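>>> Below are the sequence and a predicted model; questions follow.
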Amino acid sequence: MNRILFKIAVPAVFILLSLCIASIAAAKQEVYFYNWSEYLPEEVIRQFTKETGIKVIYTTYDSNEAMYAKIRLLDGKGYDLVVPSGYFVNKMGREGLLREIDKSRLNNFKNLDAQHTDRPFDPGNRYSIPYLWGSTGIIVNSAEIDPETVRSWADLWKPEFKGKVLLLNDVRDVFFMSLRVLGLSGNTTNPDEIQQAYDKLVQLMPNVRLFNSDTPRVPYITGEVSIGQIWNGEAFMAAEENEKFVYIYPTEGAILWMDNLVIPKRAENVDNAHALIDFLLRPDIARAICEEIGYASPNREAVKLLDKDIRNNRTIYPTKEDLAGADFQVDIGEAIVIYESWWEKLKTGR
């Protein structure tokens, strides 16, 4: 090669290498977020990308079990941010599916209310950051059913509700309800008690029209069902569309849960995942999420910013009286296999 060509070729090679490196860097400005259905306003995603340049590849699931199965299958790879409920944080952390959170990267961690951090399922928030919390209760279409006649989970078994009931497509929520009707712990690992709950649910099945955990408010709004289980945020959104929908905290106790942001152990965009977590912890962002989808924020500073009507809405922020008898779900270990066995029998035996 003559000197002139060499002088031209060498800079050209460096330019091409620089362009390739820049292209690779740009390609990594993304984060794969796997979340519950209808659990994050699209505007929040757009704002994050606008402010950071990081593209959010967003997909959803409708149950902890579906999420867990996928993360387990991929051995903690394929997603950078996931939102399991508390008892699944414990399970996934114990099984080595999660990466430790670097809280030094989270300037907004301080905004969280201390009562929602350092929970038993994840002491010290080693693996998880609180995202939203809420309850599972009963929703009633007051145009068809007098809400004053429905106070407990047991009321769903009334014969007049034949073919009118919706149950969440969630094994723990459904069995928790049945166990509480029987006066048992919703977190039991006793095989005999789990079978008793199954037998009780079999008696309920003539009333059950469908199972739904994707957008459970929709069958109520369309009139397909009139009463049944629902998450409080879905109840809030249903009432926003039509005030005839009433949310009820059952006398046996509502089911409580907290959903949390976690990073799978083989996530490829860890820095971007931390950036998104910190963004979601901003008071203005946490407020926007709460006000649009109707689930309670664990963010102390965000709660201060909430519209008074939201802050005083008992569907979102229940009173102490509402939570009498309420309990959080916990990890039940290997007993989940027993639950799932009866669950499949319940659904296929209809």
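Yep, it's here. Numbering: from 1, shown residues only.

>>> Quick one: list the elements packing against the longest strand anywhere in the chain.
Taking DSSP state E as the criterion, the chain has its longest strand at strand 128-141. Contact partners of strand 128-141 among helices and strands, from 3 or more Cβ pairs under 8 Å, 6 or more residues apart in numbering; DSSP states H and E: helix 86-94, helix 171-181, helix 217-221, strand 227-231, helix 232-241, strand 245-248, strand 255-264. Any C-beta I mention is one placed from the backbone N, CA and C, and that applies to glycine too.

>>> can you pull out the helices in the stretch 51-200 of the chain?
With DSSP state H, counting those that start in this stretch applied, the stretch 51-200 of the chain shows helices at 64-73, 86-94, 171-181, 191-204, listed in chain order.

>>> any idea which helix or strand comes after the last one?
To tie it back to what came earlier, the one meant is helix 191-204. Tracing the chain C-terminally past helix 191-204 and defining elements by DSSP states H and E, one meets strand 208-211 next.

>>> List the buried residues of that following strand.
Neighbour-count burial for strand 208-211 flags 208-209, 211 (criterion: 16 or more other Cβ atoms under 10 Å).

>>> mind listing what that strand pairs with, with the direction of each?
The sheet places strand 208-211 alongside strand 165-167 (parallel), with pairing taken from DSSP bridges.

>>> Distance from the chain centre to the strand it pairs with, please.
Relative to the chain's own centre, strand 165-167 is displaced by 19 Å; criterion: Cα atoms, centre = their mean, to the nearest Å.

>>> what mean pLDDT would you report for the longest strand of the chain?
The predicted model assigns strand 128-141 a mean pLDDT of 98.

>>> And stretch 147-165, by the same measure?
What stretch 147-165 shows for mean pLDDT is 98.

>>> So which bits of it are buried?
Burial within stretch 147-165, assessed by neighbour count using 16+ other Cβ under 10 Å, is assigned to 147, 150, 152-157, 161, 164-165.

>>> Make CSV from the residues you listed and add distance to Asp80 to it.
As requested, these are arranged in CSV below (distance: Cβ to Cβ, whole Å):
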residue, distance to Asp80
Pro147, 43
Val150, 42
Ser152, 42
Trp153, 38
Ala154, 43
Asp155, 43
Leu156, 39
Trp157, 43
Phe161, 43
Lys164, 42
Val165, 38
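
>>> Those in strands, which ones?
In strands, judged by DSSP E, the following of the buried residues of stretch 147-165 are found: Val165.

>>> out of the buried residues of stretch 147-165, who's nearest Ala114?
Within the set of those, Trp153 lies nearest Ala114; the separation is 31.6 Å, counting by Cβ to Cβ.

>>> Skip ahead from the lowest-mean-pLDDT helix or strand in the chain and say which helix or strand is next.
Sorting the helices and strands of the chain by mean pLDDT, DSSP states H and E puts helix 3-27 at the bottom, at a mean of 46. Taking DSSP H and E as the definition, the helix or strand that follows helix 3-27 towards the C-terminus is strand 30-36.
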